[in-house]
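K.L.:
Quick one: sequence and predicted model below, then my questions.
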Amino acid sequence: MNAAELKSFLDEKVLQYNNPNFIESDPVQIPHLFSLKEDREIAGFLAATIAWGNRKMIINNAKKMVALMGNSPYDFVMNHNENHLETLQNFVHRTFNGSDFSTFIAALRHIYTNHGGLEGVFTKHQNSEGLQPAINQFKKVFFEIEHLSRTQKHVSDPLAGSAAKRINMYLRWMVRNDNAGVDLGLWKNISPALLSCPLDVHSGNVARKLGLLTRKQNDAKALAELDTQLRALDPSDPVKYDFALFGLGVFEGF
């Protein structure tokens, strides 16, 4: 395919997958359970944090997380006490356990109390190149509180070489207004043009087959390469192509 044919093909796949039918099999359904902005932010962040492995398990465990918070994530974050945190201790999703969960709750309260909330942190640290430096700064802010060192691995740092797939996916949910009812578009002070593709094994493999990516590892350098290609295809909304790459890989075995 030449460049025009590739863009046409991918644009078709975006339309095929970027619609409400996508929600029922994807963790993006978790923030859709809520109407309050802060509930959506927190539920989405927690769901994205555990978004690796079997997708049904991710969705089921994310629902358990918000149920343990009384299905009121923001109220729980801001008003919890030590007894409430005890109820989280038996939670586990792969290597994310109850101690990690409790640390995340404390860190989120710190962010909403002292840093203008999740949106405030990412908005403050964005730059004209993208949001990867903002993710790096977010991790620093997130772990300003006392925490177990083991918990740090659950927040990726692109400046340390990670593709930061889960946080980039979360940012897509929060920033991108797709007019299709999938991404929520809650954050108005960050441009979708700055978003990066949530690069994982599926999107990476499809991107390589389509000639969008040459680097073999799914790391920060690969993400920068893919971002350049996707921004050339659509400078204003590059991560819409995540739907195409992911859909081709997961649903079509491309």
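P.N.:
Right, received. Where do you want to start?
K.L.:
Distance-wise, check residue 250 relative to residue 14.
P.N.:
Applying CB to CB, to the nearest Å, the value for residue 250 to residue 14 is 15 Å. Backbone N, C-alpha and C define where each C-beta goes, glycine included.
K.L.:
And the residue most central in space within the chain, which helix or strand is it part of?
P.N.:
What sits nearest the mean C-alpha location of the chain, by CA atoms, centre = their mean, is residue 170, with 2.1 Å. Counting by DSSP states H and E, the element that carries residue 170 is helix 165-175.
K.L.:
can you list the residues that contact that helix?
P.N.:
For helix 165-175, contacts defined as CB atoms under 8 Å, 6 or more residues apart in numbering pick out 28, 31, 41, 44-45, 48-49, 51-52, 118-119, 122, 131, 135, 138, 155-156, 183-187, 190-192, 194-200, 218, 223, 239, 242.
K.L.:
Pull out the buried members of those residues.
P.N.:
28, 31, 41, 44-45, 48-49, 51-52, 118-119, 122, 131, 135, 138, 155-156, 183-184, 186-187, 190, 192, 194-200, 218, 223, 239, 242 (16 or more other CB atoms under 10 Å).
K.L.:
Which of those residues fall within helices?
P.N.:
Counted as lying in helices by DSSP state H, out of the buried ones among the contacts of helix 165-175, are 41, 44, 45, 48, 49, 118, 119, 122, 135, 138, 223, 242.
K.L.:
For residue 160, state which of those is nearest.
P.N.:
Of all these, residue 135 has the smallest distance to residue 160: 10.3 Å, by CB to CB.
K.L.:
Quick check: the gap between the closest one and residue 165.
P.N.:
Distance, residue 135 to residue 165, by CB to CB: 11 Å.
K.L.:
ditto for residue 59
P.N.:
When CB to CB is applied, the distance between residue 59 and residue 165 equals 17 Å.
K.L.:
next one: residue 188
P.N.:
Residue 188 is 24 Å from residue 165, where distance means CB to CB.
K.L.:
same deal with residue 158?
P.N.:
The gap separating residue 158 from residue 165 is 10 Å, by CB to CB.
K.L.:
Go through this protein and flag its longest helix.
P.N.:
Identified as the longest helix of the chain according to DSSP H is helix 98-114.
K.L.:
list the helices and strands it packs on?
P.N.:
Other helices and strands packing on helix 98-114, by 3 or more CB pairs under 8 Å, 6 or more residues apart in numbering; DSSP states H and E, are helix 37-49, helix 73-79, helix 117-125, helix 132-142.
K.L.:
okay, the ones you listed in a markdown table with distance to residue 234 next?
P.N.:
Compiled in a markdown table, those are given as follows (distance: least, CB to CB, whole Å):
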| stretch | distance to residue 234 |
| --- | --- |
| helix 37-49 | 23 |
| helix 73-79 | 33 |
| helix 117-125 | 21 |
| helix 132-142 | 19 |
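K.L.:
ranking those helices by burial, who's on top?
P.N.:
Compared across these, helix 37-49 shows the largest average neighbour count, a mean of 24 (mean count of other CB atoms under 10 Å).
K.L.:
counting contacts, what elements does it pack onto?
P.N.:
In this structure, helix 37-49 packs against helix 55-68, helix 73-79, helix 98-114, helix 117-125, helix 165-175, with contacts taken as 3+ CB pairs under 8 Å, 6+ apart.
K.L.:
what angle separates the longest one from helix 117-125?
P.N.:
With axes from the mean of the first three to the mean of the last three CA atoms, to 10 degrees defining the directions, helix 98-114 sits at 70 degrees from helix 117-125.
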